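[1] Prediction below, plus the sequence it came from.
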Amino acid sequence: MHQPAPAARPFFGWHVVTATFVLATFGWGVGFYGPPVFLYAVVAQTGWPVAMVSMAVTAHFLLGAVVVSNLPRLYRHSGVPAVTTAGAGLLALGIAGWALAAEPWQLFLSALASGAGWVTMGAAAVNALVAPWFDRRRPAALGMAYNGASLGGAIFSPLWIAVIAGVGFVPASLAIGGVMVIVVVLLSVLVFRHTPESLGQHPDGREGARFPDQALRNASPLRHSILRDRRCVTLAAGMTLGLFAQIGLLAHLVSLLVPVLGEGVTGIAMGGATLAAILGRSMVGWVMPASADRRLVASASYGVQVAGSLLFILSAGDGGAWLLLGIVLFGLGIGNATSLPPLIAQQEFTPAETARVVPMIVAIGQAGYAFAPAAFGLLRGQEGTGAAGSEMLFACAAAIQLAAIGCILAGRRGGPGKRERA
């Protein structure tokens, strides 16, 4: 008797996107938006100088840059699920150390642990988890997954403040870190251990499409030739400058807005910027044609943020429509600054090269923006705390973003897709 063929399993890639969205929510919420809150909590708890604790924040991000540049090697050696789970555990251990540190050396040791751990749940990790499952739909898939980063900021920034105020820094770090580890372990066991090959599926769910992750594992060392490639250099420079301006401004935006809008409205405004980030990233992911020159799209995104920075200057300390519009325009580009560079790399490099280019540009960008809060703070100190000082801050951010546009456009070679895989 003829047995009916088993029904084909639904495409698993969108489950991976959902799981990676949750991973990014915890990764950014704890490892990116957490350290600014930890800084104030440590200073309040120990009385240590702000400058010294700020150096621990810089150490957190700098070591993360070192680790993320080596993620491809770690993935090949231990596998993505194991590296992701170990990173979550290291991040949880690190944030507990921030809360328990009784000596400065303990704080810096904790910062090294948290910095090494969080990047396994950051931008390069998101790309590594999603990329094997998608080719043509990768912009939309990555856009959805990266939106977890914005949601992490919207949820965890007020959550950290409320929980630390309610139960204390140590219980807060243990509770949130413990929940994070449990969630990441479950995601790794249920979702991240699967690959398209292990399930007999293909990128985008299309029959006949080849496996990008196979190219990653069989790739030969290309690091030095990539470092001399103009496209890679300009992409890394553009991403670094864009993030430097963005992180530097975001680090000081709350303190600049509170005197104008008040604490309550400032919180709403920053939440609006986060929602704008999700909207901007989603629009690019779903609307951008596959054949579009992604460097032009990135330049347009930076241009929108330039307009937002200029509107901050135009508002001249007034809490009117210009200021609110500036917040929205600046927010629209926040997410794209992280998600578009990997998509540019996908379009311009082979799969083997892309697997090395993405962690490298993320590492360079993170090493650069680690110094942005201190640099913008120095600028505020030089120019004063009044309206003139804030206008100089916004003008500097706009100028750096314009330089980022120049770098991105300098890498174009007459049109997109010359090295895009079929």
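    Good, I have the coordinates.
[2] wait, doesn't Ile95 sit right on Ala175?
    No: counting by Cβ atoms under 8 Å, Ile95 stays clear of Ala175, with 10.7 Å between them. (Each C-beta comes from the backbone N, C-alpha and C, glycine too.)
[3] Okay, buried residues for stretch 58-68 please.
    Within stretch 58-68, the residues scored as buried using 16 or more other Cβ atoms under 10 Å are 58-65, 67-68.
[4] How about stretch 90-102?
    90-99, 101.
[5] Could you list the low-pLDDT ranges of this protein?
    Scanning the chain for pLDDT under 70 picks out 1-8, 205-227, 254-255, 258, 263-264, 267, 316-319, 380-389, 414-422.
[6] how does it divide into domains?
    Following automatic domain parsing, the chain resolves into domains at 10-218, 222-422.
[7] list the contacts for Ile334?
    150, 246, 250, 273-274, 276-277, 280, 305 (Cβ atoms under 8 Å, 6 or more residues apart in numbering).
[8] give me the number of residues near Thr18?
    When neighbours are defined as other Cβ atoms under 10 Å, Thr18 has 15 of them.
[9] That one: helix or strand, and which one exactly?
    helix 13-31 (DSSP states H and E).
[10] For that helix, list the C-alpha coordinates in PDB.
    Extracted C-alpha coordinates of helix 13-31, given in PDB (Å, rounded to 0.1, in the frame of the first residue of the first chain):
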ATOM      1  CA  GLY A  13      14.000  30.500   9.800                       C
ATOM      2  CA  TRP A  14      11.300  32.800  11.200                       C
ATOM      3  CA  HIS A  15      11.500  30.900  14.500                       C
ATOM      4  CA  VAL A  16      15.200  31.800  14.500                       C
ATOM      5  CA  VAL A  17      14.400  35.400  13.900                       C
ATOM      6  CA  THR A  18      11.900  35.500  16.800                       C
ATOM      7  CA  ALA A  19      14.400  33.800  19.100                       C
ATOM      8  CA  THR A  20      17.200  36.200  18.000                       C
ATOM      9  CA  PHE A  21      14.900  39.100  18.700                       C
ATOM     10  CA  VAL A  22      14.500  37.900  22.300                       C
ATOM     11  CA  LEU A  23      18.300  37.400  22.500                       C
ATOM     12  CA  ALA A  24      19.000  40.900  21.300                       C
ATOM     13  CA  THR A  25      16.500  42.300  23.800                       C
ATOM     14  CA  PHE A  26      18.500  40.800  26.700                       C
ATOM     15  CA  GLY A  27      21.900  41.500  25.100                       C
ATOM     16  CA  TRP A  28      21.400  45.200  24.500                       C
ATOM     17  CA  GLY A  29      19.100  45.600  27.600                       C
ATOM     18  CA  VAL A  30      21.700  44.200  29.900                       C
ATOM     19  CA  GLY A  31      25.100  44.700  28.100                       C
END
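[11] what angle sits between the following helix or strand past it and helix 13-31?
    With elements assigned by DSSP H and E, the helix or strand that comes after helix 13-31 is helix 34-46. Put simply, helix 34-46 runs at 30 degrees to helix 13-31, going by axes from the mean of the first three to the mean of the last three Cα atoms, to 10 degrees.
[12] what's helix 34-46 in contact with?
    For helix 34-46, using Cβ under 8 Å, 6+ apart, the contacting residues are 48-50, 53-54, 56-57, 60-61, 95, 98-99, 101-102, 107, 114, 156-157, 160-161, 164, 169, 251.
[13] mind putting the buried residues of stretch 90-102 in JSON lines, secondary structure and distance to Phe371 included?
    JSON lines is the format used below for the buried residues of stretch 90-102 (DSSP: H, G, I helix; E, B strand; the rest coil; distance: Cβ to Cβ, whole Å):
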{"residue": "Leu90", "secondary structure": "helix", "distance to Phe371": "23"}
{"residue": "Leu91", "secondary structure": "helix", "distance to Phe371": "22"}
{"residue": "Ala92", "secondary structure": "helix", "distance to Phe371": "26"}
{"residue": "Leu93", "secondary structure": "helix", "distance to Phe371": "26"}
{"residue": "Gly94", "secondary structure": "helix", "distance to Phe371": "20"}
{"residue": "Ile95", "secondary structure": "helix", "distance to Phe371": "22"}
{"residue": "Ala96", "secondary structure": "helix", "distance to Phe371": "26"}
{"residue": "Gly97", "secondary structure": "helix", "distance to Phe371": "23"}
{"residue": "Trp98", "secondary structure": "helix", "distance to Phe371": "20"}
{"residue": "Ala99", "secondary structure": "helix", "distance to Phe371": "25"}
{"residue": "Ala101", "secondary structure": "coil", "distance to Phe371": "23"}
